[in-house]
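Q: output the structure for:
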Amino acid sequence: MPPRHPDAIIPPPEDIVVPTKRVACDGGGGALGHPLVYMDMGGDDFVECAYCDRRFVLSAHPKPENEYFSPAARPPEAH
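A: The predicted structure is shown next:
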């Protein structure tokens, strides 16, 4: 990879507000996505994806924990 210009503006990682402490991330799917990973915030109110650096932040009004929330919803056959 060629060196980056020192004045290049790099956008910050995306922040996504979610209603549960458990989330799933695939980088947005498609050709630019990554493997589907499941993450749990534990005692924190956020978690970051190790693949794409998205930061999932718990909403001020969380929902009960019964399944993983996927911000990039895909049809069941795509899993």
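Q: check the spacing between the closest residue to Gly42 other than its chain neighbours and Gly28 real quick.
A: Spatial nearest neighbour of Gly42, excluding adjacent residues (Cβ to Cβ, 6 or more residues apart in numbering): Lys21 at 7.5 Å. C-betas here are computed from N, CA, C, even on glycine. To Gly28, Lys21 is 21 Å away according to Cβ to Cβ, to the nearest Å.
Q: so between the two, which is more surrounded?
A: Each of Lys21 and Gly28 has its neighbours counted (other Cβ atoms under 10 Å); Lys21 has more, 21 against 13.
Q: was I right to think the more buried one contacts Ser59?
A: No - using Cβ atoms under 8 Å, Lys21 makes no contact with Ser59, being 10.2 Å away.
Q: Asp15 pairs with what?
A: For Asp15, the beta-bridge partners are Arg55 (DSSP bridges).
Q: could you measure from Pro19 over to Pro6?
A: Using Cβ to Cβ, we find Pro19 at a distance of 40 Å from Pro6.
Q: returning to that earlier point: tell me who's in contact with the residue nearest to Gly42.
A: 40-42, 58, 62, 65 (Cβ atoms under 8 Å, 6 or more residues apart in numbering).
Q: for PyMOL, what selects the buried ones among those residues?
A: The following PyMOL line selects those of those that are buried, judged by 16 or more other Cβ atoms under 10 Å:
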select buried, resi 41+58
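Q: among the contacts of Lys21, which one has the lowest pLDDT?
A: Among the contacts of Lys21, Glu65 carries the weakest pLDDT, at 66.
Q: and Pro19 and Pro6? which has more neighbours close in?
A: Neighbour count, other Cβ under 10 Å: between Pro19 and Pro6, Pro19 has more, with 14 against 5.
Q: quick one: contacts for the more buried one?
A: So Pro19 contacts 58-59, 61-63, 69 (Cβ under 8 Å, 6+ apart).
Q: please consider this matter closed, and thank you.
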